[in-house]
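Q: Using only what follows, build the 3D model:
(one chain, ligands or ions: 1)
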Amino acid sequence: MARLLKLLKQGPVFCAKYCSSAMSVEGSKKEAACIAVENNVKGGVIGIGSGSTIVYAVEKLAEIVAEQNLDIVCIPTSFQARQLIIKHGLPLGDLETHPVLDVCIDGADEVDTDLTLIKGGGGCLLQEKIVASCAKKFVVIADYRKKSNNLGEQWTKGIPIEVIPLSYRCVEMKIVSQYGGNIDLRLSGESKAGPVVTDNGNFILDWKFPSTLDWKAVEIFLNMIPGVVENGLFVNMAHVAYFGMKDGSVMTKERE
Ligand SMILES: O=C(CO)[C@H](O)[C@H](O)COP(=O)(O)O
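A: Numbers count the residues shown, from 1 in each chain. Here you go, the predicted model:
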């Protein structure tokens, strides 16, 4: 109890839930997702992110919509998100009819102390960034492995960059000549020979950057390269992050 009281006094970083047993990664994703939905969804237009953590958020959303008879519309950020919304019987909308969202909830691959994010581990960064940019509030949900002091400490696969297929070699060369590091074209693996093709028909480059950089400058540089459609750096976008911690607590970090 003393530890709980101490955590509750920690200003914007506080413990929303506490239990003493060690939590699995999946358990911590679920805790973060549930608290984020409880705290941020009161109805209205909701952006639904992609990945494994968002699955728990949609389950919780379906639960509270049924319990509280909430009036919502869900805007998907990917094919996966659309299927999740449909599976749970939630109202499906799009940006054409709902260009302003009340809140967007999404996972992340890494979150630094400024709430700068790397996203796109699941290859959905383009639609994720578009939908998040239309939301009055962008809420990130993540397990403890995603919380980091500097980008690259936790997520070692690099910054995903969505590119028009014919441009991928030229884009690679321009990035490496400006900043260094190395780049892999993301491949499908065993499911299909050849590159991953995004929901938008593009390729993904994963850039392993050499050091901590000025992320806003990098984001702008990347998006100025002809052939780049979007990159997985989300700078000054997230308003709040919920981290499910190993001890079962949920840590909340707001952008300063
Ligand atoms: O950006 C994403 C997909 O493009 C995901 O939100 C990110 O990869 C986190 O996924 P998970 O919740 O499975 O850890």
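
Q: Spit out the contact partners of residue 132.
A: 47, 49, 77, 104, 106, 138, 234, 237 (Cβ atoms under 8 Å, 6 or more residues apart in numbering). Every residue, glycine included, has its C-beta placed from N, CA and C.

Q: What of residue 91?
A: 72-74, 85.

Q: Contacting the ligand as well, which ones from the contacts of residue 132?
A: Counting by Cβ under 6 Å from any ligand atom, 49, 106 from these sit close to the ligand.

Q: Can you redo the contacts of residue 91 as a markdown table, where the extra columns are neighbour count, distance to residue 210 and secondary structure?
A: Shown next, in a markdown table, are the contacts of residue 91 (neighbours: other Cβ atoms under 10 Å; distance: Cβ to Cβ, whole Å; DSSP: H, G, I helix; E, B strand; the rest coil):
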| residue | neighbour count | distance to residue 210 | secondary structure |
| --- | --- | --- | --- |
| 72 | 18 | 43 | strand |
| 73 | 18 | 43 | strand |
| 74 | 25 | 39 | strand |
| 85 | 22 | 39 | helix |
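
Q: how is the protein carved up into domains?
A: What automatic domain parsing lists as the domains of the chain is 2-149+236-249, 159-231.

Q: still on that earlier bit, looking at the contacts of residue 132, which has the most residues close by?
A: Most neighbours among those, by other Cβ atoms under 10 Å: residue 106, with 32 neighbours.

Q: Now tabulate the contacts of residue 132 in CSV and tack on pLDDT, secondary structure and distance to residue 129.
A: Shown next, in CSV, are those (pLDDT from 0 to 100; DSSP: H, G, I helix; E, B strand; the rest coil; distance: Cβ to Cβ, whole Å):
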residue, pLDDT, secondary structure, distance to residue 129
47, 98, strand, 11
49, 98, coil, 11
77, 98, coil, 9
104, 98, strand, 10
106, 98, strand, 10
138, 98, strand, 10
234, 98, strand, 6
237, 98, coil, 8
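
Q: returning to what we had before: where among the domains of the chain is average confidence lowest?
A: With a mean of 91, domain 2-149+236-249 has the lowest mean pLDDT of these.

Q: And residue 129, how close does it get to residue 88?
A: Distance, residue 129 to residue 88, using Cβ to Cβ, to the nearest Å: 24 Å.

Q: no wait, residue 203
A: 31 Å.

Q: One more: residue 114?
A: Residue 114 is 33 Å from residue 88, where distance means Cβ to Cβ.

Q: what about residue 190, how many residues close to it?
A: So residue 190, with other Cβ under 10 Å, has 6 neighbours.

Q: likewise residue 227?
A: Residues near residue 227, counting by other Cβ under 10 Å: 20.

Q: Repeat that for residue 25.
A: 14.
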